[in-house]
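Engineer: Below is the structure, and that's it, no one-letter string:
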């Protein structure tokens, strides 16, 4: 997959991740939203197991993702690994 940009052909999304994405999208109103997907790969498939919203604001032309968003991502992933 490192040398073939078209290696992955499918994406599977868990019901939990889909519901969380939909709720986050609706909560954004007229603003664009940003989040992270977590999961794994299985053969030629991405498997999305969970998602989390990032505390940033976005518009059509820019996203204000300051250092607090990066810190939030690191803290979330670290806590997720501990569970």
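Structural biologist: Structure's in. What do you need? Quick caveat, the model's predicted, so the values are computed rather than measured.

Engineer: Please name the bridge partners of residue 11.
Structural biologist: residue 46 (DSSP bridges).

Engineer: pLDDT score for it?
Structural biologist: pLDDT, residue 11: 96.

Engineer: what's the burial count for it?
Structural biologist: Counted with other CB atoms under 10 Å, residues neighbouring residue 11 total 11. C-beta: built from backbone N, CA, C; applies to glycine.

Engineer: distance of it from residue 52?
Structural biologist: 18 Å (CB to CB, to the nearest Å).

Engineer: just the helices in this structure please.
Structural biologist: For the chain, the helices defined by DSSP state H occupy 15-27, 67-82.

Engineer: Which one of those has the poorest average confidence?
Structural biologist: Across the helices of the chain, helix 67-82 gives the lowest mean pLDDT, at a mean of 78.

Engineer: if we can go back for a sec, out of the helices of the chain, the one nearest residue 44 is which?
Structural biologist: Smallest distance to residue 44 across those (CB to CB): 19.4 Å, for helix 15-27.

Engineer: returning to that earlier point: deepest of the helices of the chain, which one?
Structural biologist: helix 15-27 (a mean of 13; mean count of other CB atoms under 10 Å).

Engineer: how far away is the residue positioned nearest the centre of the chain from residue 45?
Structural biologist: With distances taken as CA atoms, centre = their mean, the residue of the chain nearest its centroid is residue 36 (1.9 Å). Distance of residue 36 to residue 45, computed by CB to CB: 19 Å.

Engineer: ok so, going back, give the contact list for the residue lying closest to the residue nearest to the centre of the chain once chain neighbours are set aside.
Structural biologist: Once flanking residues are discounted, residue 36 sits nearest to residue 52: 5.7 Å by CB to CB, 6 or more residues apart in numbering. When contacts are counted by CB atoms under 8 Å, 6 or more residues apart in numbering, residue 52 touches 20, 35, 36, 38, 76.

Engineer: With that, I have no additional questions.
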